[in-house]
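Quick one, fold the following:
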Amino acid sequence: MSRYTGPRARISRRLGTNIFGTRGETQALEKRPYPPGIHGRSRRRGAQNTAYLAELQEKQKARFSYGLNERQFRRIYDEASRRKGVTGDNMLKFLELRLDNVIYRAGWGATRPQARQFVSHGHVNVNGKRVNVPSYRVRKGDVVEIREKSRNNVVLQWNKDVLDRTPPAWLEREDDWKIKVYNEPLREQIDVPIREQLIVELYSK
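Take a look at the predicted model:
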């Protein structure tokens, strides 16, 4: 599947928030707090916002934050709309349950793109079996761990020791390299600054 490989700071400046979680994006937003492009300075953020633009931007925030292309994201929305419950909550839950996001939440990946790379390179086991598909959806009771042979990886060690990220309440840490999906995430346990109702309104038109 294709993924975005262009300039990250440009996306963050366009959407007005640090999308990929890197220091470079934070610095770019501080130095140039306006959209990119030749007319970026003259465009007041929010001055010409329409309802459609607000909905589109929320969709783009979610899509880029979790590293999905348009087709993948639409597929998740369609599944969420068919399930019982609130469509927006279902959609965010499915995004959070992606294996690459679990690696990120566990603190083994500094960013979601880095966590995605760890999964793709075969450093992760789910219930004792190697899984190298970043979009793999974990379930309640699944045990996710970094493979024994990969635990000496310098980057993984640095992330574990320096980031010291506390997993959300729906994940239960069993040891430094093993985490269990204690439950499915609730909306209040998802800290991504996304107004999911605007995404639902965009796709339901």
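
can you give me the strands for this structure?
124-126, 129-130, 143-146, 171-175, 178-181 (DSSP state E).

and of the ones you listed, who's closest to R83?
strand 178-181 (18.0 Å; CB to CB). C-beta here means a position set from N, CA and C on the backbone, and glycine is covered the same way.

mean pLDDT lowest for which of the strands of the chain?
Here the lowest mean pLDDT among these goes to strand 171-175, at a mean of 94.

re earlier: between the strands of the chain, which one is closest to A80.
With CB to CB as the criterion, A80 lies closest to strand 178-181 of the strands of the chain, at 18.6 Å.

Run through this structure and note the low-pLDDT ranges.
Where the chain drops to pLDDT under 70, the residues are 1-49.

Swap in 50 and give it another go.
Residue ranges of the chain with pLDDT under 50: 1, 39, 47.

can you list the domain ranges for the protein.
Domains of the chain are assigned by automatic domain parsing as 8-87+192-203, 98-184.

can you list those domains in CSV and add mean neighbour count?
Putting the domains of the chain into CSV (neighbours: other CB atoms under 10 Å) gives the following:
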stretch, mean neighbour count
domain 8-87+192-203, 16
domain 98-184, 17
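
so what's the spatially most central residue of the chain closest to, chain neighbours aside?
Closest to where the C-alpha atoms of the chain average out (CA atoms, centre = their mean) is Y66, at 3.0 Å. Distance criterion CB to CB, 6 or more residues apart in numbering; nearest residue to Y66, sequence neighbours excluded, is L95 at 4.8 Å.

which ones are touching that neighbour?
Listed by CB atoms under 8 Å, 6 or more residues apart in numbering, the contact set of L95 reads A62, Y66, L68, I76, N101.

again with G88
Counted by CB under 8 Å, 6+ apart, G88 has contacts A80, E196, Q197, I199, V200.

F118 too?
Neighbour list for F118: D100, I103, W108, G109, V124, I146, S150, L156 [criterion: CB under 8 Å, 6+ apart].

likewise D89?
Per CB under 8 Å, 6+ apart, neighbours of D89: R187, E196.

P167 now?
Counted by CB under 8 Å, 6+ apart, P167 has contacts R105, A106, G107, R173, I179.

what sits against Q197?
Going by CB under 8 Å, 6+ apart, Q197 touches G88.

ok, so what distance separates it from V86?
Distance of Q197 to V86, computed by CB to CB, to the nearest Å: 9 Å.

Kindly list the longest helix within this structure.
In the chain, with assignment by DSSP state H, the single longest helix is helix 51-66.

related to what we said a few turns ago, nearest to R187, out of the contacts of F118: which one, please.
D100 (20.5 Å).
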